[in-house]
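J.: Sequence first, predicted model second:
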Amino acid sequence: MGYYHSLIRRKFTDVAGTRYDDVLKEYADFFPAREDFVIKPVDSVFIPLDYFSPAIPANIPAIIAVYDAPVEIVYIIDEEAIRLIADGLGNDAEEMFRKKEEALAGGFLRRARDLFTDAGVAGTARMQAGVKGDTAIALAGNHDLMAIGKKFGMVTGEQFPASPAVFRIKQVTACPVIIY
Amino acid sequence: MIPVEFIAIAVFLFTYALIIDERIHRTVAALVGASIIVALQIVPWDKIPEYLDLGTIFLLMGMMIIVNTARLSGLFEYIAIITAKFAHGSPIKVLILFSLLTAVVSAFLDNVTTVLLITPMLIYLAELMELNPIPFLLSEIFASNIGGTATLIGDPPNIMIGSAANLSFNEFIINMGPIVVIDMLIVMLMLYAFYGRGLKVSPERREQIHDILKNLDEKAAIKDPALFRKSVIVILLVIGLFFIHSSIGLEPAVVAIIGASLILLWTRQSPEAILEKIEWPALFFFGGLFIVVGALVETGVIASLATFVVSNVSSTGEAMLIIAWFAAFASAIVDNIPLTATLIPLINGMSGSMDIYPLWWALSLGACLGGNGSAIGASANVVVLGIADRNRIKISFIEFLKVGMVILMVTVAVGTMILWVKFVGV
């Protein structure tokens, strides 16, 4: 740093003191932050589904279509539920539960994929077993945007407009989240 | 034994050098200089009140109280947001409107506070427009220095000149107002000529900016509506009193102190909190300077200089030109406050030989507009450039000098021409 810049800094400190910091604090209350102006590109979108939020509203594909990015739809089968059924009711019951879940998931995934295909959005649809919240968070890490149903992970009521799992996912994931 | 004149000159030059370099806080430099002068009894203790210009110090103090109380209401942020909305995302409108706002506010409030409050908004707008912020920041500096020239309370040199020469608020408006209006118009045209080509945004981007600005809520800036209303009323009342102060026999400093007392009484703000915000270092800086310059008066150095100037200058017109141009170029090198403090007693010393009334306006013109000449010419420059530096916007000394010197030459030339026509004749 040259003499001129250090001179300006010295003079600024002597003349303005801490008043500039006070002014900045006052403006910060209503100025949008710098990062608010940066619109990050969205190259891929992730949509988790489960037993409690199996359907995607008709307007979501239209919103996602704006980004012109492919979607990955994943129906997450609750691994913990499978383990509990196997432990309590035996392997046959577990096998029956798994088949019913897969059949259910297949139907939901087909409908979801058709919705996006109709909206002109390319993408894939698959199912995966896992701990719902953790799996959703892990998969979201590979995408730029996430859309999730407010009932994901649990039923909701009037007192709880979104499930605790959705709140947690929103807090933890780095990408923006659309909650429908 | 060293004659006291030499000691006074040495202390004066030493203090000036410290102020220019600012490695030591300018207030400390002025106080050290004053302490040496008083300790060596170059200015006797009982003569100190004579040299301390209480008119200047109390006027500054009163205005600081009013501004710092009004600031708590969010008044100035409110005005900045309204102005930004008026610009509708047009870079030229931002440049013109904010320059006009800065000039008008600087004419009535101190320049440092004005630019401190407006610069963050300008940088924000330049970022939104994705444009180089330098033209906006330079125009703000020039507008602040030019606007401050218009009134008795606009710039510290004017406060000092008004107090020393007993000039009224209206005399400043009448003599300096027209010069400021013409200079502002010329500077706006010059800035457009310098930077106009680069100040363009696409219509789509302008729409986006307009939408963002539309969402800025100016009412959110008002932190205390009652304080906001009271501040506006007191500021308008004080400005009104300034216009009539000479007719009702009130000193400008008394008007400022009345306004300060009224705003504290009416708004019930904590006096501890407000008085803490007074820029005491600035006031002590003035006090120290007055003593250091007082030593030059006391020892007869200023009188000898005045005799020398008078013997080499044939007319008031010639003296006017010399003072205006000397003050302008010297202000670009030295801060205009110590420069004015030195030239005031010099002009007073010339009073027996010529009509010095026009010389006060020449000094005001040179000292205020000379601040535009270089990056360190005035406090407003330093503050804007310091804020720019903090935001990683680099404005080099030479880059400033190139534009600033042109602005200085043109505005001072126009000003001296008007003064010449007014006081000397065509």
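T.: Nice, thanks for sending it over.
J.: Tell me if I'm right that B:Leu95 and B:Leu199 touch.
T.: Yes - B:Leu95 is in contact with B:Leu199 according to C-beta atoms under 8 Å; the separation is 6.5 Å. The C-beta positions use only the backbone N, C-alpha and C, and glycine is treated the same way.
J.: Check what contacts stretch B:398-415 and list those residues.
T.: By C-beta atoms under 8 Å, 6 or more residues apart in numbering or on different chains, the surrounding residues in contact with stretch B:398-415 are B:134, B:138, B:142, B:146, B:179, B:182-183, B:186-187, B:190, B:194, B:324-325, B:328-329, B:332, B:365-366, B:369-370, B:372-375, B:377, B:381, B:385.
J.: scratch that, stretch A:84-98
T.: Residues contacting stretch A:84-98 (C-beta under 8 Å, 6+ apart): A:Ile77, A:Ala81, A:Ile82.
J.: Repeat the analysis, applying 7 Å as the threshold.
T.: A:Ile82 (C-beta atoms under 7 Å, 6 or more residues apart in numbering or on different chains).
J.: tell me which element the residue of chain B found nearest chain A falls in.
T.: Proximity of chain B to chain A (C-beta to the nearest C-beta) peaks at B:Gly386, 2.5 Å away. B:Gly386 is part of helix B:379-390, with elements assigned from DSSP states H and E.
J.: Show the subsequent helix or strand relative to that helix.
T.: helix B:397-423.
J.: Where does pLDDT dip in chain B?
T.: Where chain B drops to pLDDT under 70, the residues are B:1, B:426.
J.: Quick one: name the residues of it near chain A.
T.: B:22-23, B:25-26, B:77, B:112, B:116-117, B:120, B:124, B:216-217, B:220-221, B:375-376, B:379, B:382-383, B:385-387, B:389, B:397 (C-beta under 7 Å from any C-beta of the partner chain).
J.: Swap in 8 Å and give it another go.
T.: When proximity is defined as C-beta under 8 Å from any C-beta of the partner chain, chain B approaches chain A at B:21-23, B:25-27, B:74, B:77, B:81, B:112-113, B:116-117, B:120-121, B:124, B:127-128, B:212, B:216-217, B:220-221, B:279, B:281-282, B:375-376, B:379, B:382-383, B:385-387, B:389-390, B:396-397.
J.: ranges for the strands of chain A?
T.: Remark: strands assigned in chain A by DSSP state E are A:45-49, A:71-78, A:123-130, A:145-148, A:177-179.
J.: Which residues lie in contact with the closest residue to chain B within chain A in this structure?
T.: Closest contact between chain A and chain B, by C-beta to the nearest C-beta, is at A:Phe12 (2.5 Å). By C-beta under 8 Å, 6+ apart, the contact list for A:Phe12 reads A:Tyr20, B:Val382, B:Val383, B:Leu385, B:Gly386, B:Ile387, B:Asp389.
J.: Kindly report the same for B:Ala256.
T.: B:Ala256 touches B:Phe58, B:Leu59, B:Leu60, B:Met61, B:Gly62, B:Met63, B:Ile66, B:Ile153, B:Val238, counting by C-beta under 8 Å, 6+ apart.
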